[in-house]
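Enquirer: Quick check, what structure comes out for this input:
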Amino acid sequence: MFDAEYDEGESTYFDDLKGEMQKEAQLNHVEFEDQDDEARVQYDGFRPGMYVRVEIENVPCEFVQIFDPHYPIILGGLGNSEGNVGHVQMRLKKHRWYKKILKSQDPIIFSVGWRRFQTILLYYIEDHNGRQRLLKYTPQHMHCGAAFWGKI
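Expert: Below is the predicted model:
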């Protein structure tokens, strides 16, 4: 009884909103169907499949035979300046929920944007006279500096 009443109940706000969006899309399609693509993009925006067209040469035949248009292909690359590596200094504080103590020269994995790399941190604290003194462990409730070799 409950399922029958629940399933046949009134339409929700989401259903009404979805119906309005479909009516608007249908109206736009009818209004702009006789115009060329450049003019239509200015009013209606880019339709699916119009974003990027890429031509790739020397593609193996297996790629063409196994190609599935429903499975996306992600193309990507790095800019000239994105491959640079060097010494990086940062300021950090161990989060209070992380129970372990971080130790200098232990490997750590960074996940930054699309990149993921492993490096070794050296923790330090700066004295009042500007010296950077190496720390064996991160301090409990204060910030410290860290230096590592990684992506700039």
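Enquirer: Give the buried residues for stretch 107-117.
Expert: Within stretch 107-117, no residue is scored as buried using 16 or more other CB atoms under 10 Å. Just so you know, the C-beta spots here come from the backbone N, C-alpha and C atoms, and that holds for glycine as well.
Enquirer: can you list contacts of that stretch?
Expert: Identification of contacts with stretch 107-117 by CB atoms under 8 Å, 6 or more residues apart in numbering yields Gly76, Leu102, Gln118, Thr119, Ile120, Leu121, Gly150, Lys151.
Enquirer: And stretch 38-52, by the same measure?
Expert: Residues outside stretch 38-52 that contact it (CB under 8 Å, 6+ apart): Asn28, Phe32, Asp37.
Enquirer: One more pass at 7 Å, please.
Expert: Stretch 38-52 is touched from outside by Asn28, Phe32, with contacts defined as CB atoms under 7 Å, 6 or more residues apart in numbering.
Enquirer: Only C-alpha atoms, please: export that stretch in CSV.
Expert: Listed next in CSV are the C-alpha coordinates belonging to stretch 38-52 (Å, rounded to 0.1, in the frame of the first residue of the first chain):
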residue,chain,number,x,y,z
GLU,A,38,28.6,29.4,-35.4
ALA,A,39,25.5,31.4,-34.8
ARG,A,40,23.9,28.6,-32.8
VAL,A,41,26.9,28.3,-30.5
GLN,A,42,26.5,32.0,-29.6
TYR,A,43,23.0,31.5,-28.3
ASP,A,44,22.7,27.8,-27.4
GLY,A,45,26.3,27.0,-26.3
PHE,A,46,28.4,24.1,-27.4
ARG,A,47,26.5,20.9,-27.9
PRO,A,48,28.1,17.5,-26.9
GLY,A,49,30.6,16.4,-29.5
MET,A,50,31.5,20.0,-30.6
TYR,A,51,34.2,20.8,-28.0
VAL,A,52,37.4,19.4,-29.6
